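Chemist: return atomic coordinates for the entry below.
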Amino acid sequence: MRIRTYRALRPQPELASQIASVPYDVVTTAESRALVEGNPLSMLRVARSDLEFADGTDPYSAPVYQRARDNFTKLIAAGHLVREATPSLYIYRQQMGEHVQTGLAALCHVDDYDSGLIKKHEKTRKDKEDDRVRHTGTLSANPGPVFLTYRDRAPIDAAITAATRGAPLFDFVATDGIRHTVWRVDAADPLVAGFRDVPCAYIADGHHRAASAARVARERRTANATHTGDEDYNWFLTVLFPATQLHILPYNRLVAGLQGRTPRQFLIELGSVGMLTSASSATPAAPGQVQVFLEGRWHTLKLVAPAGADPVSRLDVSLLQDRVLAPLLGIDDPRTSKRIDFVGGIRGTKFLEDAVNSGRADVAFSLHAVTVDQLMAIADAGQIMPPKSTWFEPKLRDGLFMHQF
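Modeler: The predicted structure follows:
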């Protein structure tokens with residue numbers, strides 16, 4: 001792995017909690033407006049500038065991107081964001097309840113993404129990718145990082161531990177209760193050298209950010225007659241976490257409509273797909289089990305993968321899609337169907353129950369979380385996970401150590 005130091009654009013320390021924001025793609029426009037209310041400094045006003053426009057505004061229109069640039073420029077001009085005088089790396093620690101994860105903020109090279117040294121496990125959607133290409137290109141910056149993981153290395157762990165012994169640059173608890181602590185690492189050589197022994201990295205979260213960074217680099221290369229490969233636009237912002245520290249939550253499903261069946265008829269058909277029993281818990285006890293909620297009750301559906309199945313086909317999300325959602329409920333393409341909603345595990349299973357009890361959905365499916373080993377095996381095999389398979393928490397904040405190019 002190639003990683004590099006950089007001169008970060010970062011908040012004044014006393015403003016970090018106001019400027020830092022959740023990623024653009026985990027909140028709706030309405031949720032974004034609520035989060036920034038009374039806070040003119042939030043990076044959401046840059047990452048999701050559509051929140052400052054009237055309902056019905058095309059979020060992909062030129063004025064929206066221009067507003068993002070204007071808001072970004074104002075934060076810099078006012079001195080709320082400052083550019084570091086010297087290149088550094090950053091240690092980024094997050095604590096959510098008892099869970100703690102500590103990663104390294106650094107630049108990675110787009111060629112390593114294009115060559116597969118930085119491995120993917122999801123497809124990107126063209127509209128979302130196009131949006132981030134325009135956004136990134138308009139700002140000439142990466143406001144938020146791509147979340148990468150790698151197989152643990154003891155020398156890297158030791159270097160990171162040593163770098164966190166001093167006073168942090170930022171240390172605050174966000175409104176959602178998650179603690180964010182950042183240290184600047186000026187003596188970066190041991191970490192840069194340590195990552196040369198890491199054979200590859202995996203995208204945990206941020207496939208659209210990574211793809212858009214690579215596309216922007218190609219555009220800049222084409223436009224630059226003196227391109228050398230060393231320019232800042234060839235690098236993009238990442239945070240690299242050791243795999244054993246990651247916390248993956250399930251990505252659950254809500255479906256509207258039972259294809260003309262009554263709930264009782266649907267349960268009978270589920271019983272022909274796998275072993276169906278009453279459940280006392282909304283959370284699956286192990287992989288191969290899916291909890292099903294309808295008519296106010298939870299049921300356990302056991303789904304067994306066939307012998308010799310590939311890593312993708314063995315996933316619970318694949319078994320559910322192939323044996324229930326497509327054949328029984330008519331959800332042939334979950335990427336485009338309007339009858340299915342995906343619910344990150346952070347919302348909890350009560351959210352699923354409320355959706356069904358209120359009539360917003362007819363049936364809910366609570367899944368077991370994908371493991372990091374499964375994610376890596378799929379990426380190593382060059383395969384792609386079904387859409388909405390993993391939900392990582394805590395989310396990395398935008399605006400803490402940005403990359404300008």
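Chemist: which stretches in the stretch 1-150 of the chain count as strands?
Modeler: 3-4, 9-11, 81-83, 89-96, 99-109, 118-119, 141-142, 146-150 (DSSP state E, counting those that start in this stretch).
Chemist: ok and the fourth one relative to strand 99-109, angle-wise?
Modeler: Think strand 89-96. Taking axes from the mean of the first three to the mean of the last three Cα atoms, to 10 degrees, one finds that strand 89-96 is oriented at 150 degrees with respect to strand 99-109.
Chemist: hmm, back to that, quick one: closest of the strands of the stretch 1-150 of the chain to residue 232.
Modeler: strand 99-109 (8.2 Å; Cβ to Cβ). Just so you know, the C-beta spots here come from the backbone N, C-alpha and C atoms, and that holds for glycine as well.
Chemist: enumerate every residue touching the nearest residue to residue 298 once chain neighbours are set aside.
Modeler: Leaving out its chain neighbours, the residue that sits closest to residue 298 by Cβ to Cβ, 6 or more residues apart in numbering is residue 279, at 4.2 Å. Residue 279 makes contact with 291, 298-300, according to Cβ atoms under 8 Å, 6 or more residues apart in numbering.
Chemist: which phi and psi does residue 279 have?
Modeler: For residue 279, the backbone dihedrals (degrees, to the nearest 10) come out as phi -120, psi 140.
Chemist: can you check which of the strands of the stretch 1-150 of the chain gets nearest to residue 353?
Modeler: That would be strand 89-96 among those, by Cβ to Cβ, at 23.3 Å.
Chemist: what's in contact with the closest one?
Modeler: With contacts defined as Cβ under 8 Å, 6+ apart, strand 89-96 is touched by 3, 5, 8, 100-106, 160, 163-164, 169, 177-185, 188, 191-192, 239, 247, 393-394, 396, 400-401.
Chemist: ditto for stretch 397-405
Modeler: Contacts with stretch 397-405, where a contact means Cβ under 8 Å, 6+ apart, come from 6-11, 16, 19-24, 43-44, 46-47, 81, 83, 90, 92, 105, 107, 140-145, 170, 174, 180, 182, 231-233, 235-237.
Chemist: just to revisit the earlier point, return a PyMOL selection command for the buried portion of the contacts of strand 89-96.
Modeler: Applying 16 or more other Cβ atoms under 10 Å to the contacts of strand 89-96, the buried members can be selected in PyMOL as follows:
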select buried, resi 3+5+8+101+102+103+104+105+106+160+163+169+178+180+181+182+183+184+185+188+191+192+239+247+393+394+396+400+401
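Chemist: domain map for the protein?
Modeler: Domain ranges of the chain: 3-247+393-404, 251-368, per automatic domain parsing.
Chemist: what's the end-to-end length of the longest one?
Modeler: By that I understand domain 3-247+393-404. The first and last residues of domain 3-247+393-404 sit 16 Å apart, counting by Cα to Cα, to the nearest Å.
Chemist: and if you look at the shortest one?
Modeler: Across its full length, domain 251-368 reaches 8 Å end to end, with Cα to Cα as the criterion.
Chemist: go on, stretch 144-164?
Modeler: Start-to-end span of stretch 144-164 (Cα to Cα) is 22 Å.
Chemist: now do the buried residues in it.
Modeler: Neighbour-count burial for stretch 144-164 flags 144-150, 156, 159-160, 163 (criterion: 16+ other Cβ under 10 Å).
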